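# Predicted model, plus sequence, below.
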Amino acid sequence: MPFGWPHAPALGRLLLAVAGLAAMGLITVQLWPEARANALAMQPLAQVRAWQAPRAQPPDPEAWLRTRAALDRALAITPQAADLHEAMAYLYLSVALRPDPDPLVQGPYLKQALAHLQQATAARPMVPSAWANQALAFHQLALLEVAEAEPHRSAMWRAFDRALAHGQRERGVQQALGVVAFAHWANLSPVRRQAVTTMHAQATPSQQRALLALASAHEVDLGS
């Protein structure tokens, strides 16, 4: 038989195969950066989670710098990754919220944390941990920048209410919200007071004790 065009069924199968290969190539191109970012982020994310565990030791400077650099590399590939932004915010907050923070870096680090947390909440608006940490960062920033205290507090309460709405039963969220609420208890609205009291009542026994200790440090009686 002389060479010619394939029969129609064979041509159809050939075109389908070519289209399938092209689609697979496109998917590979699209997924490769995400897969590479996931590989780069695996170790630093595990490290951040280890530091966030109850009674964990705070990051030492060398490990902190190494983890931040690894997260930076992953974020350069997938800049919309909410979990990477939350992890980066944790690194900055872990320094800015120490009992004896360096005054030269505390304000800038709080603002760096907020920039990452705002990216995280934009990508995943119902994740309460990012909102709770936003409230905490704005609370501390209001104490540092007295001239901007009112805008910081307005943003703090917006983040506080979002965290309370989405995560009042989560331990880390409860702790952050307790810090903010008890520091402002005298001026807290009745609605927010009741919400915090309910949050305490619904917490685990160990977390109830932690919240009571936090309240006591601010001379707040949760029974009243």
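Cool, the structure landed.
# for this protein, what are the low-confidence residue spans?
Where the chain drops to pLDDT under 70, the residues are 1-35, 37, 224.
# With adjacent residues omitted, what lies nearest to Ala56?
Ala50 (6.2 Å; C-beta to C-beta, 6 or more residues apart in numbering). In this view, the C-beta of every residue, glycine as well, is placed from N, C-alpha and C.
# For that neighbour, the count of nearby residues, please.
When neighbours are defined as other C-beta atoms under 10 Å, Ala50 has 11 of them.
# What of Phe182?
Residue neighbour count, defined by other C-beta under 10 Å, stands at 20 for Phe182.
# which residues touch the residue nearest to Pro101 when sequence neighbours are not counted?
Distances taken as C-beta to C-beta, 6+ apart place Val95 nearest to Pro101, at 6.6 Å, with adjacent residues excluded. Val95 is in contact with Trp64, Pro101, Asp102, Val105, Gln106, Tyr109, counting by C-beta atoms under 8 Å, 6 or more residues apart in numbering.
# Most neighbours among the residues you listed, which one is it?
Using other C-beta under 10 Å as the neighbour test, the contacts of Val95 are led by Tyr109, with 22 neighbours.
# and that residue, what element?
helix 103-123 (DSSP states H and E).
# Would you mind giving both backbone torsions of the residue nearest to the spatial centre of the chain?
The residue lying closest to the centre of the chain (C-alpha atoms, centre = their mean) is Glu86, at 2.8 Å. Glu86 adopts backbone torsions of phi -60, psi -40, taken as degrees, to the nearest 10.
# Excluding chain neighbours, give the residue nearest to it in space.
Once flanking residues are discounted, Glu86 sits nearest to Ala120: 4.8 Å by C-beta to C-beta, 6+ apart.
# isn't the one you found right next to Met126, touching?
No. Ala120 lies out of contact with Met126 (C-beta atoms under 8 Å); the separation is 11.3 Å.
# Looking at these two, which has the bigger crowd around it?
Legend: neighbour count by other C-beta under 10 Å for Ala120 and Met126, higher for Ala120 (26 against 11).
# show me what contacts the more buried one?
Ala120 sits next to Ala82, Asp83, His85, Glu86, Ala89, Val127, Ala130 when contact means C-beta under 8 Å, 6+ apart.
# returning to that earlier point: chain center to the helix or strand hosting the residue nearest to Pro101, what's the gap?
Assessed by DSSP H and E, Val95 sits inside helix 82-96. Here the centre of helix 82-96 is set off from its chain's centre by 7 Å, with C-alpha atoms, centre = their mean, to the nearest Å.
# and the gap between Tyr92 and Arg36?
24 Å (C-beta to C-beta, to the nearest Å).
# Give me the more crowded residue out of the two.
Tyr92 (25 against 14).
# mind listing what that one touches?
By C-beta under 8 Å, 6+ apart, the contact list for Tyr92 reads Tyr109, Leu110, Gln112, Ala113, His116.
# again, 10 Å this time
Shown in contact with Tyr92 (C-beta atoms under 10 Å, 6 or more residues apart in numbering): 64, 68, 105-106, 108-117, 133, 137.
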